[in-house]
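J.: got a sequence here, can you model it:
(2 chains)
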Amino acid sequence: MKLDDLRDELRACEAMAEAKVSIDVTKVREKGLRATRSAMRRLAVWLWLELATNAVGVLLVGAFLGDHWREPRFALATLPLHVMAVGHVVFGAVQLTGLRRLDYGGPIVSIQRRLERLRLGRARMTAFSLLASPLLWMPLLVVSLKGLFDVDVYATFDHAWLVANVVVGALFVPVAVWGARRLVGRFDGSPVLERLRREIGGRNIAASQAFLAELTRFDGSAEAG
Amino acid sequence: MTTSPQTERFLALLDAHKGILYKVGNGYCRNKDDRGDLIQDIVIQLWRSFPRYDPAQRFSTWMYRIAINVAISAHRSEGRRVHDTVPIEDFGIELAAADDAMESASDDVRRLRRLIGDLGELDRALIILFLDGHTYDEIAEILGISPTNASTRVGRVKDKLQQAWAAAEKE
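T.: The predicted model follows:
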């Protein structure tokens, strides 16, 4: 193949095709840009809604902690939930700010690096949240039953059952990671399960790290080499 | 209905540079439905970023940056994206005649386009710009790397394509 010869042929062919792309300016103005604005609004509303929900969680858990901070059995159960909720709010605000500041008209390598760092942050947060949830199930039960129905879980349930729940939750984490890494291709028919498998198994984290490394090589290795 | 001077200016520039939409859309998508979604995403981002466009900069450079940034992001987020786009014709962009024109391309050109589609996201951006006739300085400006780096990288991608071409011929 002579790429330079083919380049001229390809350019001629593409020029002919591109001249036939037609834009109905009236339609784009009346439908396209209007749809654009509503799509953007939906995305912004979704991100803000997520942030607001997490902020409400911080307030509710914080209020419970304020009411029960003198009772160690409730305070200790509330603390990890509160840390998690505050972490989600801070993380959501950082992501939202990062996305709002992003100028897609900037140089490709630098914009892709910033986008991939945001993506890596999301992948890490999602994996952490998914893996932490079995451990947080028991504190959530303690806090929600007390907060909503004034039921003291420690007094109502057998202690052995409570301990067993915590142990099962702790054991679930390595089993889930092991399973997610082993069951490649088993969930191809279900996008939701496959996504969950990738998140728990750290595949999305690894993919982001690999792309960041590729960007670094692309950015500088040619000159260094 | 939006009829501000800014909207009209945006639409005129979009129409004048519509080829970039087609080129980047084809460069990053094999499936026509995906391409329609991508082109709409690009137009959405162009419109969203237009208030920040500096007229001192060439519009094509700015448009290429946005189009390729959106294309790479869409490619990397595949599976996590919300597809709330409409058919591309309903959006006001008609590609069927252009596709018919591309059908007349020689087998060699079709094979080259297929091989380009197998490249990684960044290499694909490089070669799309190179094949479109951009200088190394222009490629470097769009990508945000040095001209020397751009030249070295284009050379490497050309080698990759030559090897892939030779391998495909042996099969």
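
J.: and the end-to-end length of stretch A:14-33?
T.: Terminal residues of stretch A:14-33 lie 27 Å apart, using C-alpha to C-alpha, to the nearest Å.

J.: nope, stretch A:181-196 is what I meant
T.: End to end - C-alpha to C-alpha - stretch A:181-196 spans 11 Å.

J.: SS state for the most centrally placed residue in chain B?
T.: Taking C-alpha atoms, centre = their mean as the criterion, residue B:24 is the residue nearest the geometric centre of chain B, at 1.5 Å. Here residue B:24 is recorded as helix under DSSP: H, G, I helix; E, B strand; the rest coil.

J.: and the pLDDT at it?
T.: pLDDT recorded at residue B:24 is 96.

J.: nearest spatial neighbour of it, skipping sequence neighbours?
T.: Distances taken as C-beta to C-beta, 6 or more residues apart in numbering or on different chains place residue B:67 nearest to residue B:24, at 4.2 Å, with adjacent residues excluded. All C-beta atoms are positioned from the backbone trio N, CA, C, and that covers glycine.

J.: just to revisit the earlier point, list the contacts for the residue nearest to the centre of chain B?
T.: Contacts of residue B:24 were listed using C-beta atoms under 8 Å, 6 or more residues apart in numbering or on different chains, and they are B:38, B:42, B:64, B:67, B:68, B:71, B:128.

J.: list the ones among those that fall in helices.
T.: B:38, B:42, B:64, B:67, B:68, B:71, B:128 (DSSP state H).

J.: separation between the fifth one and residue A:21?
T.: Residue B:68 sits 18 Å away from residue A:21 when distances are taken as C-beta to C-beta, to the nearest Å.

J.: more neighbours, the two?
T.: Taking other C-beta atoms under 10 Å in any protein chain shown, residue B:68 and residue A:21 do not tie; residue B:68 has more neighbours (28 against 23).

J.: what sits against that one?
T.: A:108, B:24, B:125, B:128, B:142 are the contacts of residue B:68 under C-beta under 8 Å, 6+ apart.

J.: follow-up on the earlier one: wait, the residue nearest to residue B:24 touches residue B:22, no?
T.: No - counting by C-beta atoms under 8 Å, residue B:67 sits too far from residue B:22 to count as a contact (10.2 Å).

J.: who has more neighbours out of these two?
T.: residue B:67 (30 against 22).

J.: ok, back up a step: tell me how far the residue nearest to the centre of chain B lies from residue A:110.
T.: From residue B:24 to residue A:110 the distance is 19 Å (C-beta to C-beta).

J.: cool, residue A:220 as well?
T.: Counting by C-beta to C-beta, the gap from residue A:220 to residue A:110 is 13 Å.

J.: so the residue most central in space within chain A is in which element?
T.: Among the residues of chain A, the one closest to the centroid is residue A:122, at 3.5 Å (C-alpha atoms, centre = their mean). Applying DSSP states H and E as the criterion places residue A:122 in helix A:108-149.

J.: care to break chain B down by domain?
T.: Per automatic domain parsing, the domain ranges recorded for chain B read B:1-104, B:105-171.

J.: which strands and helices sit next to whatever helix or strand residue A:33 lives in?
T.: Using DSSP H and E, residue A:33 falls within helix A:33-68. Contacts defined by 3 or more C-beta pairs under 8 Å, 6 or more residues apart in numbering or on different chains; DSSP states H and E place helix A:33-68 against helix A:72-101, helix A:108-149, helix B:32-49.

J.: try 6 Å
T.: helix A:72-101, helix B:32-49 (3 or more C-beta pairs under 6 Å, 6 or more residues apart in numbering or on different chains; DSSP states H and E).

J.: check contacts around the residue nearest to residue B:24.
T.: With contacts defined as C-beta atoms under 6 Å, 6 or more residues apart in numbering or on different chains, the neighbours of residue B:67 are B:20, B:24, B:42.
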